[in-house]
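Enquirer: build the 3D model from these lines:
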Amino acid sequence: MIRNYLKIAFRNLMKYKFISFINLFGLTVGLTCCLLILSYILHELSYDKFQPHASQVFRVTRTFNNLQTGAVSLNLSTIAPAFAPRLQNDFKEIEDMTRTYPNGTTPVRYGEKMFNEQNVFFADEKFFDFFSVNMLEGNPQKALGDPYSVMLTDVAAKKYFGNEEPMNKIIRLNVGKYYDFKVSGIFKTFPSNTHFHPDLLISFNTLNDTLVYGAQNLRTSWGNNSFFTYIRLPKDYDSKKLEAQFPAFLDRNMIGQYTTIKPSKGTSLALQKLTDIHLRSHTDYEAEENGDIKKVWIFSAIALFILLIACINYMNLSTAPSTLRAKEIGIRKVAGAQRKEIITQFLSESILISWIAMLLAFLLTAFLLPSLSKISGEQLNMQSLLQWQILIPVLMIPFFIGLISGIYPALFMSSFQPVKVLKGFLKVGGGNISFRKVLVTLQFAISIILIICTAIVFTQMRYMQTKALGFDKEHIVTLPYITDLNDKYDAFRTELISNSNIKDAGRSSRIPTGRLLDAMGAQMTSGDTLAPVNVDIKFVSADEDFIPTYGVKILAGRGFSRDFGTDTSAFLINEAAAKVLGFKTNDKAIGKDFGYGMRKGKLIGVFNDFHFESLHQRIVPLVLLVPTSANNYGRISVKIIGNNIPSALSHMENTWKKFLPQTPYEYTFLDENFDKLYKAEDKQKTILTVFACLAIFIACLGLFGLSAFAITQRVKEIGIRKVLGASVSSIVQLLSKDFLILVAISAIIAFPVAWYFMNSWLQDFAYRTDIPLWIFIGALIIAAFIALFTISVQAIKAAVSNPVKSLRSE
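Expert: Prediction:
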């Protein structure tokens, strides 16, 4: 019986080739989109799940609170080194622990080869018990045991040693200053679905050297919150129980760290699941940029929308040729076929098409996945779809799609009465047309929502790229500041700006596009003494040339100057800081006593608010200070005039090599750093645009089916109108009007839904565009134009046909 159903189904597919092709094509495109999105979602959800004991591993995070209000002022994924030994000592629930410490930009030398490495971490011997590392050479149990030993990825080893054997070779790393390190192991580059990707791993025991960090600092320092700390708890242990004990732990161990309050009021610790880091961790400092669970939900919704549109298409396109198959159904019923048998026949056709579409979709997915990988920046592959836990449910999808999309056509066409059908009196009821109109309205509502969402994403991206930042970011090149420059920086800078193409150069601890994470307590005059103020103010160490290099405006007072020897005890604040400190005008701040951390001095200037961080963050109160030690600087910013950039860059490189011949030269343009801030949104914009266009295309196929069906029902009406003198344009207008009304109804449904979701999305940006009315009007016009074009193909064909043929049977 099943074989007979499939045989007849295949014959009907061959008989109605055009409708079958559109059905198959629409489902194939829809399923391909779903498989592509599914591969992306599976990749995002797979982060760190392959690590040993992944479900038992947690990262310890630290939060700082405002001492007066208790509000969170800083949230870090790293903690101070003194916590680790005390946590392990106080809590027997902690089965094991490992730590990593990022070294930042690290100059590395081997022979004549010099490179700046960005992903360098100190790691202890327990690292391999927490993270799955594919060792190519060396013993993972011993590779990080000895101080001054280093492990490299296979890619890094190839870069430095070429075809040489790297094991036991000596390379030089700058960890404060240059030291010799012995290569103790080579490991495979971490897979893309890991929350961090070290290129070099340095033995943690190296930090015991006082010249590098110091064993005493590792045991007692509560201030350097730069250590990623991971713990393993017993299986099925509730981490909340351990978290509940942290306040008492802080009060017990941090005695003397806070003078006026309990330590647990000023700071707190929390546990974060290893497998949650990539999608759910958004602290102020991360090892790498993380993903976002919201994006997973967004793309899941898009996949479901596209699949829904494809199913609706099948319903419309399957019932469109109903009159062509009416006599077949009538003869079957006269021959004794039961309604359930006819329903089964139509469902078998639907499921067969779905299975063929799924097969083609898998082939298309394999072909298109590299392109999606390039757009998303992720290493996507078919393996994620071929896991049995995923493959079995995926292979069941065609069955359910076949049932869902085929049930309406099956019920509709099996309801034909054989007497009326065989006498030629078949009339399709208005209720059925109305149901199809509901389906098409739903399709276009989804399409309009996607058009609006895409347009708003484009608008926000444009807003971020063109918004005035409060300083001049053009033609600024940044260099790493090396402590070897401390004694010769003035000569270095003089050499730099001697070139006519270089306007200025300044130093700072951080540069715009970085995060403002550094803060100390601020104090203002209260009576005869300085008293803490109830505000959080971030700080950046900057020299006298930082402000002019960036074109930041001094609104009151003056900037730092070498002419004033007291500027190491002076402060500059931005407008936001002046406001929260209670100054009614910027001028009133000048000359006031001010304290920050352990430093006391006077406010000498107020500068304009500018966007130091991305537009995701609001402009915060900021103080600039000249550090007492040049070791606090992190970057050099160089302002190029812009007339001859290659000449300026060449001069910068020559100057660098003259003063720092042992350090690799590396520069970045500041505007490129700004582009990276919105890289995630840019990817989202591209992916959303692609899938929105595909959704609209699939919706057009459904509209094509409905218009073909409706026009078939009005062939004789069109013939009579033409005989009575109706023009082609009037007939096209008549046939198009009803469908354009459906588009208008779709817009009424789509507008509030799109506004709600995009307004929520925009809340992630501290500075965002308004949602303009023209986007909604434009989306309606685009949808109407697409619909009109699709309908016109059928309408014009019907309008220019010979009325004699359509009226011959009357």
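
Enquirer: where does this structure have its least confident helix or strand?
Expert: Sorting the helices and strands of the chain by mean pLDDT, DSSP states H and E puts helix 418-422 at the bottom, at a mean of 54.

Enquirer: and the next helix or strand past that helix?
Expert: Sequence order places helix 430-466 as the next helix or strand after helix 418-422, per DSSP states H and E.

Enquirer: flag every buried residue along that next one.
Expert: Applying a neighbour-count criterion of 16 or more other C-beta atoms under 10 Å, one finds 433, 436-437, 439-457, 459-461, 463-464 buried in helix 430-466. Where you see a C-beta, it was placed from the backbone N, CA and C, and this is true even at glycine.

Enquirer: how about stretch 390-398?
Expert: 394, 397, 398.

Enquirer: how about stretch 238-254?
Expert: Applying 16+ other C-beta under 10 Å to stretch 238-254 flags 239, 242, 246, 247, 249, 250, 253, 254 as buried.

Enquirer: as CSV, those residues with pLDDT, secondary structure and distance to residue 659 would be great.
Expert: Shown next, in CSV, are those (pLDDT from 0 to 100; DSSP: H, G, I helix; E, B strand; the rest coil; distance: C-beta to C-beta, whole Å):
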residue, pLDDT, secondary structure, distance to residue 659
239, 94, helix, 51
242, 95, helix, 51
246, 95, helix, 48
247, 94, helix, 51
249, 94, helix, 48
250, 94, helix, 46
253, 92, helix, 45
254, 89, coil, 43
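
Enquirer: and which of those is nearest to residue 298?
Expert: residue 239 (28.7 Å; C-beta to C-beta).

Enquirer: is it true that that closest one touches residue 233?
Expert: Yes - between residue 239 and residue 233 there is a contact at 6.3 Å, judged by C-beta atoms under 8 Å.

Enquirer: mind listing the shared neighbours of the two?
Expert: Counting by C-beta atoms under 8 Å, 6 or more residues apart in numbering, the contacts common to residue 239 and residue 233 are residue 58.

Enquirer: where does the stretch 401-550 of the chain have low pLDDT?
Expert: 405-406, 408-434 (pLDDT under 70).

Enquirer: so which elements touch the strand or helix carrying residue 600?
Expert: Per DSSP H and E, residue 600 falls inside strand 599-607. Where contact means 3 or more C-beta pairs under 8 Å, 6 or more residues apart in numbering; DSSP states H and E, strand 599-607 is packed against strand 554-557, strand 570-574, helix 575-580, strand 593-596.

Enquirer: of all these, which lies closest to residue 146?
Expert: Closest approach to residue 146 among these (C-beta to C-beta): strand 593-596, 42.2 Å.

Enquirer: where's the helix or strand in which residue 732 is found relative to the chain centroid, distance-wise?
Expert: If you go by DSSP H and E, residue 732 is part of helix 728-762. Centre-to-centre, helix 728-762 and its host chain are 31 Å apart (C-alpha atoms, centre = their mean, to the nearest Å).

Enquirer: using the three-state scheme, assign residue 58.
Expert: Of the three states, residue 58 takes strand according to DSSP: H, G, I helix; E, B strand; the rest coil.

Enquirer: and the closest residue in space to it that isn't next to it in sequence, what are its phi and psi?
Expert: Closest residue in space to residue 58, ignoring its immediate chain neighbours: residue 271 at 4.1 Å, by C-beta to C-beta, 6 or more residues apart in numbering. With angles defined as degrees, to the nearest 10, residue 271 sits at phi -110, psi 140.

Enquirer: now do the strands in the stretch 51-200 of the chain.
Expert: 57-65, 72-76, 96-102, 106-110, 113-117, 120-123, 135-137, 149-153, 170-174, 178-187, 200-203 (DSSP state E, counting those that start in this stretch).

Enquirer: among the ones you listed, show the one with the smallest mean pLDDT.
Expert: Of all those, strand 72-76 carries the lowest average pLDDT, namely a mean of 88.

Enquirer: which residues are contacting that strand?
Expert: For strand 72-76, using C-beta under 8 Å, 6+ apart, the contacting residues are 61-66, 225, 283-285, 517, 519, 536.

Enquirer: give me the buried subset of these.
Expert: Buried members of the contacts of strand 72-76, scored by 16+ other C-beta under 10 Å, are 61, 62, 63, 64, 65, 66, 225, 283, 284, 285, 519, 536.

Enquirer: residues in a beta bridge with the fifth one, which ones?
Expert: Which is residue 65. Residue 65 has these beta-bridge partners by DSSP bridges: residue 72.

Enquirer: show me the contacts for it.
Expert: 71, 72, 73, 265, 266, 267, 268.

Enquirer: cool, the second one as well?
Expert: Each residue near residue 62 by C-beta under 8 Å, 6+ apart is listed here: 75, 76, 78, 79, 80, 225, 267, 268, 269, 270.

Enquirer: tally of neighbours for the first one?
Expert: Applying other C-beta atoms under 10 Å, we find 17 residues neighbouring residue 75.

Enquirer: kindly report the same for the fourth one.
Expert: As a burial measure, residue 79 scores 23 neighbours (other C-beta under 10 Å).

Enquirer: what about it, distance to residue 651?
Expert: Residue 79 is 43 Å from residue 651, where distance means C-beta to C-beta, to the nearest Å.

Enquirer: how about the last one?
Expert: Residue 270 sits 49 Å away from residue 651, taking C-beta to C-beta as the criterion.

Enquirer: the more surrounded of the two?
Expert: residue 651 (21 against 15).

Enquirer: circling back to that earlier point, residue 370: which of the strands of the stretch 51-200 of the chain is closest?
Expert: Of all these, it is strand 149-153 that lies closest to residue 370, at 22.9 Å by C-beta to C-beta.

Enquirer: list of residues touching the closest one?
Expert: 138, 143-144, 160, 166, 171, 173, 181-190, 198-203, 206.

Enquirer: that strand pairs with which strands, and in what direction?
Expert: Paired neighbours of strand 149-153 in the sheet (DSSP bridges): strand 178-187 (parallel), strand 200-203 (antiparallel).

Enquirer: helix, strand or coil: sort out the residue nearest to residue 656 when sequence neighbours are not counted for me.
Expert: For residue 656, ignoring the flanking residues on the chain, the nearest one in space by C-beta to C-beta, 6+ apart is residue 665 at 4.6 Å. Three-state call for residue 665 (three-state DSSP): coil.
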